[in-house]
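Participant: 3D, please:
(2 chains)
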2 protein chains.
Amino acid sequence: MISKKMQQEIAGSSAIRAMFLEGKEMAKRVGAENVYDFSLGNPMTPVPKEYNQAIIDAVQKESSLELHGYMDNAGYPETRQAVADNLNKRFGTRFEKKHIVMTVGAAGALNVVFKTILDPGDEVLALAPYFGEYRGYVANHQGILKEAEPDRSTFQPDFADLERKITEKTKAVIINNPVNPTGVIYSEETIKRLAALLEQKQKSYGHDIFMVSDEPYRELVYDGNKVPFLTKYYDNTFVTYSFSKSLSIPGERIGYIAVNPGMPGCDLACSGLSVANRMLGFVNAPSLMQKALISCMDCTTDVAYYDRNRKLIYETLTKLGFTCIKPQGAFYLFIKSPEEEEKKFVEKAKKHHILLVGGTSFSCPGYVRLAYCVSYEMIQRSLPAFEELAQEYGLV
Amino acid sequence: MISKKMQQEIAGSSAIRAMFLEGKEMAKRVGAENVYDFSLGNPMTPVPKEYNQAIIDAVQKESSLELHGYMDNAGYPETRQAVADNLNKRFGTRFEKKHIVMTVGAAGALNVVFKTILDPGDEVLALAPYFGEYRGYVANHQGILKEAEPDRSTFQPDFADLERKITEKTKAVIINNPVNPTGVIYSEETIKRLAALLEQKQKSYGHDIFMVSDEPYRELVYDGNKVPFLTKYYDNTFVTYSFSKSLSIPGERIGYIAVNPGMPGCDLACSGLSVANRMLGFVNAPSLMQKALISCMDCTTDVAYYDRNRKLIYETLTKLGFTCIKPQGAFYLFIKSPEEEEKKFVEKAKKHHILLVGGTSFSCPGYVRLAYCVSYEMIQRSLPAFEELAQEYGLV
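Facilitator: I've put the predicted structure just below:
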């Protein structure tokens, strides 16, 4: 039969599927407009018109064999150059095209990085709460995921715990910034402190420890906040990125890895990433999407739409007495469960037709995630239901 | 630094890169029109116009969020249904959409199948000569690739060796049909014989052994030949496919897995494939390409172009005294090296500006592969060079 590991995975995957099916059932029962589904982090602002036009232009103007054909595993030189130029312009970095590897989304990018750097048994540290898929990505390459706790007053890392969790087996630390599920941005102070810690550990252990960032929400920031660009703080850095959220094109599977030019052994790392892209079966990032990107590096979807949602939901929930970290980026809100068992909070919310995801899915029990990448109208319609939920808990 | 395994891989990859760079160097030295590069298996016949039009139609007519958004990890229902209907119409099979999982090319499909079925230490049997990437795909999932020898008079499998190589650890046999690098089609007799052998082994070992096909050249067949459709011969079959060669779109990364409806535990296998697609970081096959496919299931590139090339190169080389298996499918010709060490034959050919790939790359020393997915004009221009090469070996 299928592998034992996969049988376990299927059993574990059923909770997410169950939530999705429940939402559909609920919509049938009470009408879709009376269901307030805040469970999925799916982009919903428009795809920039320029991007669609760039696709059409490429199909109409380029030679088809070139347009749809194979290229260097790392991507078209023009696309890699466009990414490098854009990063350098925005962040004052010094990427050349050779430092950029185009990938099948950020999920592809992370797997390619882990394939390149992990030997069996190596540990990778994730900062809780974190996107649960990291565990599988690391395990794909025989690594072991470890977790460091957050400081629950700020949801920056708890540095005492982080220091304890970095061992001689630690090969990398994953930094998702802005953070799914909290919507927090790890500050420059946090990044500097982490970099200093890793430098010290590298010296004492005598081997490389990498920072591996996951930055699909980089452009989704609010209140003038900035996301520190990691290569400016630490040499052994791989930045991974996806255009899924900034262009609302998650189904197209396109992102990249940017290797710090200052990484010792940088050229070998770049070669490794290219080889890993091929060996893992990605082979290259989708060609037409690479071509369309070249002229769209400065395009972004309507971030103000998410911001409007953010303000409404955050202000309403805090007025109602819920405790939330104020989100600075991404499109998530992390709410402290008003009762100890967050599963019960999720169930009570469901009775009011509100769908949320328990923090245990992100290794942070006692909290729930609300994704506000939904229509503004749905948030408005949900507010009476949130008020009833707050009343049920005696918060108002 | 990067992982030890990856450092080895980079070292091993350099031969292919070296050949590519040599070809470029040669072109600079002697002029591109005087280089006869038969080394790469890259499609070169036109992308069907209908496919490009389907892309434009999708961009202009569909809602962008739907068009570029996430969908079920297994793909859009309409795309899966279109694949199922097309297979059923052509091969008399009984696929439903639930048996079809859209993937990031056949490379993605194979990795998803291996992730789903392999426990660490499981063996996968490849039939030499075979596409070298299989070794990496199997190793990605902690499997071990074993090889069974060919019958060198026909390049059908050597069944005595194949039987010996199937052990209690064998979880799957890979069947690439038509075959890269030989251009042979495994006959219906071969498939029936293999199926009977695997049924017998399944019974005696008491566990499943899967056939996993890799069929990107299925439509590239000549002389009225047919490729047996494996699910009709053996229950425990996964068929993997890519549109790369049939539509000349290898850069777009789109293919599928078709699960035999007759497989015991079929539903669990389908769930596993979906989960594996997500866990490995593919997540889903590129969305726009899935949409464009729906109306193009019967499109194929200009197969007659490859056939014309095949006839010219095969007839000329055999007239010149080279020994080749007559190719029935794909776009490869497998030539017996006129001297014992095929590396020396490759080197002598290079002196005549002919670029070929040694059979050792496909686990079949003593032969070389010629890829005739090139322009007819290039083949014509190369014929004098082949004649000189034949003279050097005293064949003419």
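
Participant: Tell me if stretch A:141-148 is near chain B.
Facilitator: Yes: contact between stretch A:141-148 and chain B is present through residue A:142 (criterion: C-beta under 8 Å from any C-beta of the partner chain). Just so you know, the C-beta spots here come from the backbone N, C-alpha and C atoms, and that holds for glycine as well.

Participant: what residues does that stretch touch?
Facilitator: With C-beta atoms under 8 Å, 6 or more residues apart in numbering or on different chains as the test, stretch A:141-148 has contacts from A:111, A:114-115, A:118-128, A:130, A:134-135, A:138-139, A:157-158, A:161-162, A:165, A:169-171, A:363, B:142.

Participant: which of those are buried?
Facilitator: When the contacts of stretch A:141-148 are checked for burial by 16 or more other C-beta atoms under 10 Å in any protein chain shown, the buried set is A:111, A:114-115, A:118, A:122-128, A:130, A:134-135, A:138-139, A:157-158, A:162, A:165, A:170-171, A:363, B:142.

Participant: Surely residue A:80 touches residue A:102?
Facilitator: Yes: with contact defined as C-beta atoms under 8 Å, residue A:80 reaches residue A:102; the gap is 6.5 Å.

Participant: Could you name every residue contacting both of those two?
Facilitator: A:74, A:256.

Participant: Residue numbers of the stretch 51-200 of chain A in contact with chain B?
Facilitator: Within reach of chain B by C-beta under 8 Å from any C-beta, the stretch 51-200 of chain A has these residues: A:52, A:55-56, A:59-60, A:64-65, A:67-71, A:104-105, A:107-111, A:115-119, A:122, A:133, A:136-137, A:140, A:142.

Participant: any idea how chain A splits into domains?
Facilitator: According to automatic domain parsing, chain A comprises the domains A:4-47+A:301-392, A:49-293.

Participant: Pick out the shakiest of these, pLDDT-wise.
Facilitator: Sorting these by mean pLDDT places domain A:4-47+A:301-392 lowest, at a mean of 93.

Participant: From the chain's centroid, how far away is that domain?
Facilitator: On the basis of C-alpha atoms, centre = their mean, to the nearest Å, domain A:4-47+A:301-392 sits 17 Å off its chain's mean C-alpha point.

Participant: Reformat the domains of chain A as JSON lines; add distance to residue B:44.
Facilitator: Formatted as JSON lines, the domains of chain A follow (distance: least, C-beta to C-beta, whole Å):
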{"stretch": "domain A:4-47+A:301-392", "distance to residue B:44": "32"}
{"stretch": "domain A:49-293", "distance to residue B:44": "6"}
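
Participant: most packed of these?
Facilitator: Ranked by mean neighbour count, the domains of chain A are led by domain A:49-293 with a mean of 21 (mean count of other C-beta atoms under 10 Å in any protein chain shown).

Participant: Could you list the residues in contact with stretch A:202-211?
Facilitator: Residues contacting stretch A:202-211 (C-beta under 8 Å, 6+ apart): A:113, A:117, A:166, A:168, A:170-173, A:175, A:194-195, A:198, A:201, A:230, A:234, A:236-238, A:264, B:1.

Participant: Return the residues in contact with the spatially closest residue to residue A:323 that is not a sequence neighbour.
Facilitator: Nearest residue to residue A:323 in three dimensions, chain neighbours excluded: residue A:336, at 4.0 Å (C-beta to C-beta, 6 or more residues apart in numbering or on different chains). Residues near residue A:336 by C-beta under 8 Å, 6+ apart: A:322, A:323, A:324, A:366, A:367.

Participant: ok, 10 Å please
Facilitator: Contact analysis of residue A:336 by C-beta atoms under 10 Å, 6 or more residues apart in numbering or on different chains lists A:152, A:322, A:323, A:324, A:325, A:342, A:345, A:359, A:366, A:367, A:368.

Participant: give the contact list for the fifth one.
Facilitator: Under the criterion of C-beta under 10 Å, 6+ apart, the contact list for residue A:325 reads A:150, A:152-155, A:179, A:182-184, A:314, A:332-336, A:367.

Participant: let's see it at 7 Å
Facilitator: A:155, A:182, A:183, A:184, A:334 (C-beta atoms under 7 Å, 6 or more residues apart in numbering or on different chains).

Participant: Report the secondary structure state of the third one.
Facilitator: State at residue A:183, reduced to three classes by DSSP: H, G, I helix; E, B strand; the rest coil: coil.

Participant: One more: residue A:58?
Facilitator: Taking three-state DSSP as the rule, one finds residue A:58 in the helix state.

Participant: so which helix or strand takes in the residue lying closest to it once chain neighbours are set aside?
Facilitator: In space, and not counting its chain neighbours, residue A:58 is closest to residue A:291: 4.4 Å by C-beta to C-beta, 6+ apart. Using DSSP states H and E, residue A:291 falls within helix A:287-293.

Participant: For that helix, which outside residues touch it?
Facilitator: Residues contacting helix A:287-293 (C-beta under 7 Å, 6+ apart): A:51, A:54-55, A:58, A:62, A:67-69, A:71, A:75-76, A:79, A:82, A:102, A:252, A:254, B:251-252.

Participant: at 6 Å instead, please
Facilitator: A:54, A:55, A:58, A:68, A:75, A:76, A:79, A:102, A:252, A:254, B:251, B:252 (C-beta atoms under 6 Å, 6 or more residues apart in numbering or on different chains).

Participant: How about stretch A:361-371?
Facilitator: A:38, A:41, A:128-129, A:132, A:147, A:181, A:332-337, A:342, A:356-359.

Participant: Just the CA trace of stretch A:209-224, in CSV.
Facilitator: Taking C-alpha atoms only, stretch A:209-224 is exported to CSV below (Å, rounded to 0.1, in the frame of the first residue of the first chain):
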residue,chain,number,x,y,z
ILE,A,209,24.2,28.4,10.6
PHE,A,210,21.9,29.9,8.0
MET,A,211,19.1,32.4,8.2
VAL,A,212,16.4,31.3,5.7
SER,A,213,13.6,33.9,5.3
ASP,A,214,10.1,33.3,4.0
GLU,A,215,8.7,36.7,2.8
PRO,A,216,5.5,36.4,0.8
TYR,A,217,3.9,39.2,2.8
ARG,A,218,6.8,41.6,2.4
GLU,A,219,4.7,44.2,0.5
LEU,A,220,1.7,43.8,2.7
VAL,A,221,2.8,46.2,5.5
TYR,A,222,0.8,49.0,7.2
ASP,A,223,1.3,52.2,9.2
GLY,A,224,4.6,52.9,7.4
